[in-house]
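>>> how does the following fold in three dimensions:
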Amino acid sequence: MKKGLSHLGTLSTIESFNHDQVEWQRVHRTGYLIYQHFHYEYPCPIQDLNQRLMILPPEQYGNQHRIGYRIEVSAPTFELFNSHDEFNNEEINLRVAQVEQSIEFEAWILVERNAEDKIHYVSADWQTDRRLLEPSALTQPDALLRQIAATLLASGKRGLALAQQINEWTHQALRYAHDVTTIHTTAAEALALGQGVCQDFAHLMIVLCRLCGLSARYVSGHMLGEGGTHAWVEVLLPVAQSPELAMVMPFDPTNGGTTGLDYVTIAVGCDYYDVAPTSGTFRAAYRGQLTTQKRVSLTLLEYENIETAER
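Coordinates of the predicted model:
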C-alpha cells in the first residue's frame, strides 16, 4: 500500500476492549478506532479517476474530537487533498490518472467522546436553513406523508416533544430489512414497502420533521462493531435563553431512541446523497465493483468514578 496521509503512524496496532460489557450509563469518556477498507475492481483499465471519500469525522463536533488519522492508497501515483463541503463536512479527494484493474483505500481514524458536554449547540442559522426545512431528492413527500404529518401536528405537541413523537412513529412504521431498498430509495417508497434499512428510517423521519416545521438533517456515522455505516437524524431546536443558538437533538429512528457515546458522527446533510461515504467519476465504458469492510473498536474507556482503562 502507498501511504497517502499519516498523522498517527501506529493507529493500526492499537488494542481494543470488548464493548459488549460496557456500562454505558456510567461512561465518562470513550475513544474509538475506526477502520475502513474500500476495494474497487474493474474489468479493464480506467482513466481519470476522481474519487471522493467522506469518511473523516470533523475535528470537533459537539463532544466528539478527532485525534488523528491515517489514509493509504494502493496506486503508485496519485493526488490527494482535503476540502470541506457546504455543510462543513471534511472530504478526501483523490485523483488517479490510470487504474489498471483495481485500487484500494484504507483509513484508520482515532476519535474521542466526552460525556461532560451533553448538549450540542450550533448557530441558530441552521434552524432556519431552507435546505433543512424543504424536501430534498430522497425526502420528497407524497400525499400519504403529508396526511401523516398533519395527524402528528394535530396531537398538539411541538418542539422536542413533537420530534420525539415523530421518532417513535417512524420506528414503528418500518421493519428493518436488508436487500429491499437501495441508496436511491425515497422515503415515500420505503414507507410504501413498509421496510428498509437505517437510511430509510432516517429519510422517513426527516420528511415528517420538515413537514411539521422542524429543521432536520441526515447524519452518516458509525456504531461499535463491524458492518456498514449507520444513519440517524438531528433535529435543530430553538434555545429560549439564547436565541443565537440552536440545540442539536440526535434521534435514531432505526432503534427507536436517541444516540449515545457509542455513536460517532462522520457527516451531515439534507439526505444520503450529501454524505455518501464514497463517490466519484472515471472514464471507461464499464462499471467497477466495490467491496467494503468497516470496524469500529473501543480503545479508551473512562467511567464516572475515574476508573480509567486505556489501550
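
>>> list phi and psi for the residue nearest to residue 131 when sequence neighbours are not counted.
Spatial nearest neighbour of residue 131, chain neighbours left out: residue 270 (5.3 Å); criterion: CB to CB, 6 or more residues apart in numbering. For the C-beta atoms, the positions are set from N, CA and C on the backbone; glycine is no exception. With angles defined as degrees, to the nearest 10, residue 270 sits at phi -70, psi -40.

>>> and the gap between residue 270 and residue 171?
22 Å (CB to CB, to the nearest Å).

>>> name the element residue 75 belongs to?
Assigned by DSSP states H and E, residue 75 belongs to neither a helix nor a strand.

>>> how about residue 36?
Residue 36 belongs to strand 27-41, assigned by DSSP H and E.

>>> partner strands of that strand, with direction?
Sheet pairing of strand 27-41 (DSSP bridges) gives strand 102-114 (antiparallel), strand 289-303 (antiparallel).

>>> winner for burial among the ones you listed?
Across the strands paired with strand 27-41, averaging neighbours per residue (mean count of other CB atoms under 10 Å) puts strand 102-114 on top, at a mean of 20.

>>> residues near residue 24, how many?
Residue 24 sits with 11 neighbouring residues when counted by other CB atoms under 10 Å.

>>> where does residue 150 sit: helix, strand or coil?
helix (DSSP: H, G, I helix; E, B strand; the rest coil).

>>> tally of neighbours for it?
Residues near residue 150, counting by other CB under 10 Å, number 11.

>>> any idea how far it is from residue 144?
11 Å.

>>> next one: residue 243
If you go by CB to CB, the gap between residue 243 and residue 144 works out to 36 Å.

>>> residue 119 now?
For residue 119, the distance to residue 144 - CB to CB - is 35 Å.

>>> need the strands paired with strand 27-41 in a markdown table with mean pLDDT and distance to residue 282, can you?
Below are these laid out as a markdown table (pLDDT from 0 to 100; distance: least, CB to CB, whole Å):
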| stretch | mean pLDDT | distance to residue 282 |
| --- | --- | --- |
| strand 102-114 | 96 | 10 |
| strand 289-303 | 93 | 12 |
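
>>> surely residue 66 touches residue 111?
Yes: in this structure, residue 66 is within contact of residue 111 by CB atoms under 8 Å, at 5.5 Å.

>>> who touches both of those two?
residue 57 (CB atoms under 8 Å, 6 or more residues apart in numbering).

>>> three-state assignment of the closest residue in space to residue 78 that isn't next to it in sequence?
Nearest non-adjacent residue to residue 78, counting by CB to CB, 6+ apart: residue 96, 4.7 Å away. Following three-state DSSP, we place residue 96 in the strand state.
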